[in-house]
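Engineer: Got a predicted structure plus its sequence, pasted below:
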Amino acid sequence: MNEAPAKILYCRCAFAQTVPEASKNAVLEGLCESGASFESVADLCEMSARKDPRLAGIVSDGGPVRIAACYPRAVKWLLHHAGCPLPEDGRVEILNMRDTPPETVVEELLRDTPSPAA
């Protein structure tokens, strides 16, 4: 039996503005062009500060998750602060748009993701 495709979460980093604008735009464009299903949030930092209950839904179903944001250690701490620490089982990957080329981030986000029907 095949594993479900990874949920993809894209952080726009709208308020903290720690990720270069060009990188954020290139990753978002790549995701949109791929036709893959993904969720976009304005800012994980802001959601964490408000302890937004939607953050728990990121890892609640037990399936794989890929998050495009900033430093993995920052995202882990933000989610922990919001009351939804990431599992230690390796099914959640955090891709750093600050330091990783956008093309690599998109490639990793879409790895093993089925192409939408034409």
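Structural biologist: Alright, I've got the coordinates. Numbers count the residues shown, from 1 in each chain.
Engineer: in the lengthiest helix in the chain, what counts as buried?
Structural biologist: Longest helix in the chain by number of residues (criterion: DSSP state H): helix 21-34. Judged by neighbour count using 16 or more other CB atoms under 10 Å, the buried positions of helix 21-34 are Ser23, Lys24, Ala26, Val27, Leu28, Gly30, Leu31, Ser34. The way it works is simple: take the backbone N, C-alpha and C, and place the C-beta from them, glycine included.
Engineer: Looking at those, which one is closest to Gln17?
Structural biologist: Nearest to Gln17 among the buried residues of helix 21-34, counting by CB to CB, is Lys24 at 9.3 Å.
Engineer: Would you mind listing the residues in contact with that closest one?
Structural biologist: For Lys24, the contacting residues are Arg12, Cys13, Met97, by CB atoms under 8 Å, 6 or more residues apart in numbering.
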